[in-house]
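A.B. asks: One predicted model, sequence on top.
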Amino acid sequence: MLGLYARKLGMTQVFDDSGNLMPVTVMRVDPNVVIGTKTKEADGYAAVVVGIDEAKKNRVTKARAGQFPENITPKKNICELRDFEKEVAVGDSLGLEVLEGIRYVDVSGVSKGKGFQGVFKRYGFGGGRKTHGSKFHREPGSTGQNTYPHRTFKNRKLPGRMGRENVTVLSLKVVKTDTEKQLIMVHGAVPGINKGLVFVRTAVKKGR
């Protein structure tokens, strides 16, 4: 599997080879530094560990700093990629060239937070009648039982905090790449806010 951290920049429109206007999300691939490798002989599996964004020295504990080589500054975000399909060494800086030739990607990120919401917005409840005197317009409805057991079961859909969850969008088509500016444009929406960190990997359900 191939993958990299990227920064979501926003959405725009581009023309494809057929002249059709397509909405795309633009992401910039900042340098992903290889901070470690794992082998089947020593660890039981092959993997590459990459990191991005330097962390402040006063925010890094000794235990966390110990997993970084001496010539590499501690990173805020690290990720382990199993069965990395390219040969890399500790200290290498990876860019958009890792995803060269890939047609479809999966993008993971933290969705936008929407605060505390009711069941209408959170789950799409239909509610009661809108007529005068119904007294049941936007209510969640019954939540428990009239007989034993007198309680609300787990996983009942109720008002609560919405958004800010790890979301993965599968099989987004790569429309255009710019190796000079390290930009990758995919057809469709990507989770998270602008300038938010996302993870781009080769699609697991579609061929390259």
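C.D. replies: In hand now; what should we look at? Since we're looking at a predicted model, the values are computed, not measured.
A.B. asks: now Gly51, nearest residue through space, not along the chain?
C.D. replies: Lys75 (3.1 Å; Cβ to Cβ, 6 or more residues apart in numbering). The C-beta positions use only the backbone N, C-alpha and C, and glycine is treated the same way.
A.B. asks: For Glu97, give its distance to Lys173.
C.D. replies: 19 Å (Cβ to Cβ, to the nearest Å).
A.B. asks: who has more neighbours, the two?
C.D. replies: Lys173 (16 against 13; other Cβ atoms under 10 Å).
A.B. asks: residue contacts, the more buried one?
C.D. replies: If you count contacts by Cβ atoms under 8 Å, 6 or more residues apart in numbering, Lys173 has them with 103-104, 186-188.
A.B. asks: For it, pull up the helix or strand it's in.
C.D. replies: strand 166-178 (DSSP states H and E).
A.B. asks: Partner strands of that strand and their direction?
C.D. replies: strand 104-110 (antiparallel), strand 183-187 (antiparallel) (DSSP bridges).
A.B. asks: Gln67: how many residues sit nearby?
C.D. replies: 13.
A.B. asks: Is it within a helix or a strand, and which one?
C.D. replies: Using DSSP H and E, Gln67 falls outside every helix and strand.
A.B. asks: same question, the one 5 residues further on
C.D. replies: Secondary-structure assignment from DSSP H and E places Ile72 in no helical or strand segment.
A.B. asks: how much space between it and Gly44?
C.D. replies: Counting by Cβ to Cβ, the gap from Ile72 to Gly44 is 24 Å.
A.B. asks: what about these two, which has more around it?
C.D. replies: Ile72 (15 against 9).
A.B. asks: wait, what's in contact with the more buried one?
C.D. replies: Counting by Cβ under 8 Å, 6+ apart, Ile72 has contacts 33, 35, 51, 90-91.
A.B. asks: Among those, which one lies nearest to Gly141?
C.D. replies: For the contacts of Ile72, the residue nearest Gly141 by Cβ to Cβ is Gly51; the value is 47.6 Å.
A.B. asks: The closest one in helix, strand or coil?
C.D. replies: strand (DSSP: H, G, I helix; E, B strand; the rest coil).
A.B. asks: what sits against it?
C.D. replies: Gly51 touches 32-33, 35, 68, 72, 75-79, counting by Cβ under 8 Å, 6+ apart.
A.B. asks: which of the contacts of Lys173 are buried?
C.D. replies: Neighbour-count burial (16 or more other Cβ atoms under 10 Å) applied to the contacts of Lys173 gives 104, 186-187.
A.B. asks: Turn those residues into CSV, columns for distance to Val14 and pLDDT.
C.D. replies: Converted to CSV, the buried ones among the contacts of Lys173 look like this (distance: Cβ to Cβ, whole Å; pLDDT from 0 to 100):
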residue, distance to Val14, pLDDT
Tyr104, 17, 95
Val186, 11, 96
His187, 9, 95
